[in-house]
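Colleague: structure of the sequence below:
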Amino acid sequence: MRHTTFKDFIPGGTLMKFLKIGCLAIIVIIVLIIIIGALSGGDEDKPTKVGNNADTSETTENNNTEEAPAKEEYAVGEAVQLGDNILTVTNVEKSTGDEYDKPKQGHEYVVVTVKIENAGNDNISYNPYDFKMSNSQGQILDPAISIIDTDTALQSGELAAGGTVSGTIVFEQPAGDPGLQLQYTPSFWSDETIKINMQ
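Modeller: Numbering: from 1, shown residues only. Take a look at the predicted model:
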């Protein structure tokens with residue numbers, strides 16, 4: 001005796017049309033998610049210097065200060081906002097290491113002290129691997145594995161609204177390189193990057 005199946009209730013060819021429509025709907029949903037992610041990293045999330053600066057701020061008729069135009073690169077000591085993240089590089093030191101931890105020959109450690117602030121209303125995450133450093137040879141390097149900043153190293157975690165965290169990140173770079181630049185990309189969904197010149 002033959003058992004009744006789902007196909008018995010659907011006219012010929014209709015099952016394939018139903019499956020095709022379902023697959024098409026899934027593809028449309030995925031495309032929409034990608035578009036929304038791209039739009040969330042739009043022009044409003046360009047790096048922008050924050051804080052008072054008489055040289056770059058303009059006073060409007062209502063005595064409000066306008067944001068300085070977005071720059072491509074920033075300097076040590078400047079607070080730069082990207083989305084809800086405000087980054088300030090507060091110190092840069094060079095090191096030849098110690099007896100237990102030395103960079104390879106012709107290189108030095110560059111120890112960067114950063115401060116991250118949450119200027120938004122939601123939690124933000126932070127991680128030392130959100131940072132890279134480029135040099136004059138065109139290399140863009142991840143943080144080095146080193147013990148020279150064990151007591152001060154930036155860890156990973158989250159910041160609540162208004163929260164602040166500081167720490168150091170170590171990079172191994174050619175000694176005396178004049179073209180070092182820290183790169184900070186806080187969002188996985190956006191390729192916008194804060195660039196801080198180390199010189």
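Colleague: please pull out the lowest mean pLDDT helix or strand from the protein.
Modeller: In the chain, the helix or strand scored least confidently by mean pLDDT, DSSP states H and E is helix 14-39, which has a mean of 64.
Colleague: and the next helix or strand past it?
Modeller: strand 48-49 (DSSP states H and E).
Colleague: strand partners (parallel or antiparallel) of that next one?
Modeller: strand 79-82 (antiparallel) (DSSP bridges).
Colleague: what does the strand it pairs with rub up against?
Modeller: 45-51, 74, 86-88, 117, 119, 184, 186-187, 192-194, 196 (Cβ atoms under 8 Å, 6 or more residues apart in numbering). Yep, even glycine has a C-beta here, placed from its N, CA and C like the rest.
Colleague: how about stretch 125-145?
Modeller: 103, 109-110, 112, 114, 116, 153-159, 165, 167, 169-174, 177-186, 198.
Colleague: rerun that using 6 Å as the cut-off
Modeller: For stretch 125-145, contacts defined as Cβ atoms under 6 Å, 6 or more residues apart in numbering pick out 116, 154, 156, 158, 169-173, 177, 179-186.
Colleague: again, but for stretch 91-108
Modeller: Contacts for stretch 91-108 (Cβ under 6 Å, 6+ apart): 76, 109, 111-113, 146-148, 172, 174-175, 198.
Colleague: next, give me the two most distant ones among those.
Modeller: Val76 and Ile147 (24.5 Å; Cβ to Cβ).
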